[in-house]
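Peer 1: My questions are about this predicted structure, shown below with the sequence.
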Amino acid sequence: MKTLFATLVLLISIGNAQAQSSKKSASEGTTITITVPVPGYGGSLIAGLYNEENFMETPLQGLESDVNEGFASVTFTNVTPGTYAIAVYHDKNGNKVMDFEANGMPKELYGASNNNMSMGPPRWSDAKFEVGTQPITMEIRL
């Protein structure tokens with residue numbers, strides 16, 4: 001009888017531990033890893049994760065990566081399920097600001113999730129994608 005009771009207690013405690021662990025991981029979110037082929041060398045890649053409300057303004061998460069051997073990579077962490085977009089640019093001169101010509105044309109290369117590049121800045125409708133509970137890996141072209 002004691003053995004049966006101890007086994008029951010053990011099974012209940014394992015079930016509770018697994019339930020707490022799955023609740024914890026769900027609240028922490030998932031990861032989004034992006035890789036960007038960068039023509040040329042030097043500078044850094046600046047990347048921002050956005051939702052519809054803050055698209056192309058202040059990112060939910062902003063990351064920077066050095067450009068090494070023509071590639072840069074960043075990983076956004078703790079991303080909860082929802083709809084997001086990512087915008088990136090190659091900061092060649094290290095001033096942490098996307099530079100523009102006097103006529104408004106960008107001096108530095110840029111890109112967005114889904115790689116739908118039209119004239120002008122990225123649009124939410126073109127760049128948005130769904131995030132669930134599984135990690136995401138994507139390549140963004142400049």
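Peer 2: Structure received.

Peer 1: Please count neighbours and contacts with C-alpha atoms only from this point.
Peer 2: OK.

Peer 1: Quick one, grab the pLDDT at the closest residue to Gly94 other than its chain neighbours.
Peer 2: Nearest residue to Gly94 in three dimensions, chain neighbours excluded: Gly43, at 5.8 Å (C-alpha to C-alpha, 6 or more residues apart in numbering). At Gly43, the model reports a pLDDT of 93.

Peer 1: State the three-state secondary structure for Glu53.
Peer 2: Here Glu53 is helix, with the state taken from DSSP: H, G, I helix; E, B strand; the rest coil.

Peer 1: Could you report the neighbour count for it?
Peer 2: Neighbours of Glu53 under the rule other C-alpha atoms under 10 Å: 10.

Peer 1: just to revisit the earlier point, would you mind measuring from the residue nearest to Gly94 to Thr33?
Peer 2: Gly43 sits 20 Å away from Thr33, taking C-alpha to C-alpha, to the nearest Å as the criterion.

Peer 1: got it, and Glu57?
Peer 2: When distances are taken as C-alpha to C-alpha, Glu57 and Thr33 turn out to be 21 Å apart.

Peer 1: The two - which one has more neighbours?
Peer 2: The neighbour count for Glu57 versus Thr33, taken as other C-alpha under 10 Å, is higher for Thr33 (14 against 10).
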